[in-house]
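>>> Attaching a predicted model along with its sequence, questions to come.
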Amino acid sequence: MNNEEDEPRREILEGEEYCFGGTVVRVEVPPSLAGYVDGIMYQWKGVEPGAGSVNSVSIRAAEHDSPGFNPKAQTVNVDEGGRVYGLLRHRPERAFVASPGRYVVVSWGKGGEWAHACVSAMPEFLVAGFLRRHALKELEEVYNGNLVVCHAGCVVDQKGKGIVFSSPDTGSGARKYGKTTSVIACARSARYGFYANDEVVVGERNDQVGLHPLPHDIPVRERSFNDFFEGVNEPKVEARETTDRSSGERVLLITPASLGKAGFSVIPANREVRPRHWFFVSLNPKEKVNTVDKLEEEKSRKLLEQSVFEAYMQRMSSPLPWGEIPVQSVSINRRKISDNAMEMYESMRDSGVTFWYLRGGMKLDNIREAVDSVVE
């Protein structure tokens, strides 16, 4: 993108439409990336537009090993991470954000119509970010803004209730294990269905608390993959090898579609799930026994707040922290995040959600048995 064109160079793209209820999103990506995007959107298959007006979003992506950018910008700003953002001088209705040599994103639109153009060596992750953003916008409208996003995963039990797992940083400095491991440990059993990984939206309306997923892949450490899916019947779980974007570690990416095609139960995204149990997880590869203890209120409050804060920071560190308009200022109001988390905590407690601390080893059967002892 070193010319005056602010959209990716036209090439053969595969297009697909997805619906988040009141928002219809058309995604156009190179054929090599279509499977990934379709995989993370597996739970939204068959979702129809809701009644009333429909928002329209277009996302287009192109691959480039080292995208440059000469924005000819009206305003150029640089954030602490070295990202450049502003408005295009020749098309001031279009906003851009770029990390030179890594990615370029241009966004434009107003009202119920938006378009995004992404160029990167791995533009599918930019596309996924926009899909999450528009899914969350739809949920914000549904819950009138009364929601929080938690860094967590979720399965659904046979009674249709949500079992949530999160492993927030407690400040010990030790690497946290457990969220994805616990989700997979339960999803392997016919007693549970996969619902969410990495982010869980918790919203309240009409004195009812509901859970929702956002479009995500499921990164699994290479050394853990065989343990996770040992004994899974054909067809095997499909995975894509890549590098973790934060740690640099080699990981295998699976998607909800990978699980569904391998025979796992995958719960549709348009099914609002009521939470029943929330497990804060701390697993250690050196441990062998798993235990579950009911958490005191003060401790569970702090851990939930940290889970909400981690999800917030995760979104802020992505290429898309400004939503549709990159020139908006970015600020972190920890007090407001805490207040929102505590209000939702009270709503969950009032609706009967119980909070637990799950610790111990990483053997999948033991983890599931520990969870079963509470769920039963």
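Nice, thanks for sending it over.
>>> Which helix or which strand is home to residue 335?
In this assignment (DSSP states H and E), residue 335 forms part of helix 334-350.
>>> ok, and what's touching that helix?
Here helix 334-350 makes contact (CB atoms under 8 Å, 6 or more residues apart in numbering) with 147-148, 202, 204, 209, 275, 278, 297, 300-301, 304-305, 307-309, 312. To be clear about C-beta, it is placed using only N, CA and C from the backbone, and glycine gets the same treatment.
>>> just the residues you listed now: which is nearest residue 79?
Closest approach between the contacts of helix 334-350 and residue 79, by CB to CB: residue 312, at 16.3 Å.
>>> helix or strand for that closest one, which one?
Using DSSP H and E, residue 312 falls in helix 297-316.
>>> Report the next helix or strand after the helix holding residue 335 in sequence order.
Using DSSP H and E, the helix or strand that directly follows helix 334-350 along the chain is strand 354-360.
>>> what angle separates that next one from helix 334-350?
Angle between the axes of strand 354-360 and helix 334-350 is 100 degrees (criterion: axes from the mean of the first three to the mean of the last three CA atoms, to 10 degrees).
>>> In whichever helix or strand comes after strand 354-360, which residues are buried?
Using DSSP H and E, the helix or strand that directly follows strand 354-360 along the chain is helix 364-375. By 16 or more other CB atoms under 10 Å, the buried positions in helix 364-375 come out as 364, 366, 367, 368, 370, 371, 375.
>>> which stretches of the stretch 251-376 of the chain have low pLDDT?
Within the stretch 251-376 of the chain, the segments meeting pLDDT under 70 span 317-331.
>>> how many neighbours does residue 289 have?
10 (other CB atoms under 10 Å).
>>> What does it show for phi and psi?
phi -100, psi 140 (degrees, to the nearest 10).
>>> which residues touch it?
360, 361, 366.
>>> does the last one really touch residue 292, like I thought?
When you say that, I think you mean residue 366. No - applying CB atoms under 8 Å as the test, residue 366 and residue 292 come out as separate, 11.1 Å apart.
>>> Just the buried residues of stretch 302-314, please?
Across stretch 302-314, burial judged by 16+ other CB under 10 Å covers 302, 303, 304, 305, 306, 307, 308, 309, 310, 311, 312.
>>> The fifth one and residue 169 touch, don't they?
Going back to what we said before, that points to residue 306. Yes - between residue 306 and residue 169 there is a contact at 6.5 Å, judged by CB under 8 Å.
>>> mind checking pLDDT for residue 135?
Here, the pLDDT recorded for residue 135 equals 93.
>>> That one falls within a strand, correct?
No - the assignment for residue 135 by DSSP: H, G, I helix; E, B strand; the rest coil gives helix, which leaves it out of any strand.
>>> Okay, the nearest residue to it once chain neighbours are set aside and residue 360: tell me how far apart.
Computed as CB to CB, 6 or more residues apart in numbering, the closest residue to residue 135 that is not its neighbour in sequence is residue 20, at 4.9 Å. As judged by CB to CB, to the nearest Å, residue 20 and residue 360 stand 38 Å apart.
>>> Of those two, give the one with the bigger neighbour count.
residue 20 (28 against 19).
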